[in-house]
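Chemist: any chance you can model this:
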Amino acid sequence: MLGDQILTELSTQIKEVGSEAELAALWHKYLGREGIIKAQVKALAQLPLEEKREQGPLWQRIQEEAQALFDTRAAELKKASEEATWQAEAQSLGLVPVKLGHLHPITQTIRKLNELFISLGYSIMEEREIETDEFCFQRLNVPLDHPARDMQDTFYLEEPNILLRTQTSSVEARVLANYAPPLKVVCPGRVYRNETVNKSNHFIFHHYQGVVVMPKISLSDLFGTFTALFQAIYGPEVKIRFRNKYYPEVEPGVGPDMQCFNCGGKGCSVCKGVGWIEMGGAGLIHPKVLTMAGLDPREWHGFAFGLGLDRWAMASYNITDIRTLLGGNLGYKPYHHENII
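Modeler: As a prediction, the model looks like this:
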């Protein structure tokens, strides 16, 4: 169509405009009284009524899209002009321009994951970091003698009931207790465990929890979700695998692994020589967990997953030491600053 051809030509020319004066001249060329597009609109008056009804809306669209191109370019030129003025004023005063910052890799990763899961129909939720034994352990089918309750693993504020959450599964427990299914929820946040700090472990780290409860859910739904997730974040060529794992709150349990981003599967210090990095834990929600939430496991089914968010950020930005994420060295920039603020 002639109108689309004109838009294509305009789009090419408008990118080459370097000043507001040039932009104004180009606007008159296309949208002024005698402009190319205006001439086509005026010519509609000479057409038969049926053709006018058909062509009118099409040329109205062309005008609107053309004006949108001009508005966008005008905003870009204005911003560039303001920045140039600011830089000139700063130099004239002998000031050193302030370096702009960037979002933390964890924040960038959370935003990417949130965007993906929102597109899949999930809600985003945050919850408390100081938790009770009931929601951190009991409602997740973790018995009293489970080693995760040991003080060597858990930071207790008031033993034995008040603690720093060890996992964002505690948010899952609260979601199941307070919201009626069907539901699809993800929840990012900090968690705490008494870990020895090294390149791949820290006592403060981040989880990204997901929980889905529907009348019918199977492992194929979980595997499909993970496959879409890995490919969206790391590309269609990413290599992943699922291993049988034990987690008290799910049955059966699986562990999604990704081939090590640092060594390509050959084995290194980041993946502890195995060539694969465990990126989280998942499985079908245990019937006992559903029952404790007041749900009938014969009527409702679900899956849950918890991602090691720090490892997802490290893989995304090629960071090989988890301590970097909580360190104070602002000069360490091994990743591309996608989000300038």
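
Chemist: which helix in this structure runs the most residues?
Modeler: When the chain is parsed with DSSP state H, its longest helix is helix 49-92.

Chemist: helices and strands around that helix, which ones?
Modeler: helix 2-15, helix 20-31, helix 36-43 (3 or more CB pairs under 8 Å, 6 or more residues apart in numbering; DSSP states H and E). Any C-beta I mention is one placed from the backbone N, CA and C, and that applies to glycine too.

Chemist: which of those sits closest to residue 158?
Modeler: Comparison of the helices and strands packed on helix 49-92 against residue 158 by CB to CB identifies helix 2-15 as nearest, at 62.9 Å.

Chemist: quick one, phi/psi of the residue nearest in space to the middle of the chain?
Modeler: Centroid-nearest residue in the chain, with CA atoms, centre = their mean: residue 112, separated by 1.5 Å. Backbone torsions for residue 112, taken as degrees, to the nearest 10, come to phi -60, psi -50.

Chemist: residues touching residue 276, list them.
Modeler: For residue 276, the contact set (CB atoms under 8 Å, 6 or more residues apart in numbering) comprises 241, 257-260, 265.

Chemist: quick revisit: my read: the residue nearest to the centre of the chain touches residue 234, true?
Modeler: No: Residue 112 is beyond contact range of residue 234, at 10.7 Å (criterion: CB atoms under 8 Å).

Chemist: touching both of these two, which residues are there?
Modeler: With CB under 8 Å, 6+ apart as the test, residue 112 and residue 234 both reach residue 316.

Chemist: nearest residue to the residue nearest to the centre of the chain other than its sequence neighbours?
Modeler: If the residues on either side of it in the chain are set aside, residue 112 comes closest to residue 233, at 6.3 Å by CB to CB, 6 or more residues apart in numbering.

Chemist: ok, the one you found touching residue 113?
Modeler: Yes: when contacts are counted by CB under 8 Å, residue 233 is listed as touching residue 113 (7.5 Å).

Chemist: so those two - more neighbours on which side?
Modeler: Of the pair residue 233 and residue 113, residue 113 is the one with more neighbours under other CB atoms under 10 Å, namely 22 against 17.

Chemist: what's the distance between that one and residue 241?
Modeler: Computed as CB to CB, to the nearest Å, the residue 113 to residue 241 distance reads 20 Å.

Chemist: number of residues surrounding the residue nearest to residue 249 when sequence neighbours are not counted?
Modeler: Spatially, and ignoring its direct neighbours in sequence, residue 249 is nearest to residue 140 (4.1 Å; CB to CB, 6+ apart). When neighbours are counted by other CB under 10 Å, residue 140 registers 26.

Chemist: likewise for residue 246?
Modeler: Residues lying near residue 246 (other CB under 10 Å) number 11.

Chemist: same question for the one 5 residues further on.
Modeler: For residue 251, the number of neighbouring residues by other CB under 10 Å comes to 15.

Chemist: which residues does it contact?
Modeler: When contacts are counted by CB under 8 Å, 6+ apart, residue 251 touches 283-284, 286-287.

Chemist: Three-state assignment for it, please.
Modeler: Three-state call for residue 251 (DSSP: H, G, I helix; E, B strand; the rest coil): strand.

Chemist: what helix or strand is the residue nearest to residue 112 on?
Modeler: Using DSSP states H and E, residue 233 maps to helix 219-234.
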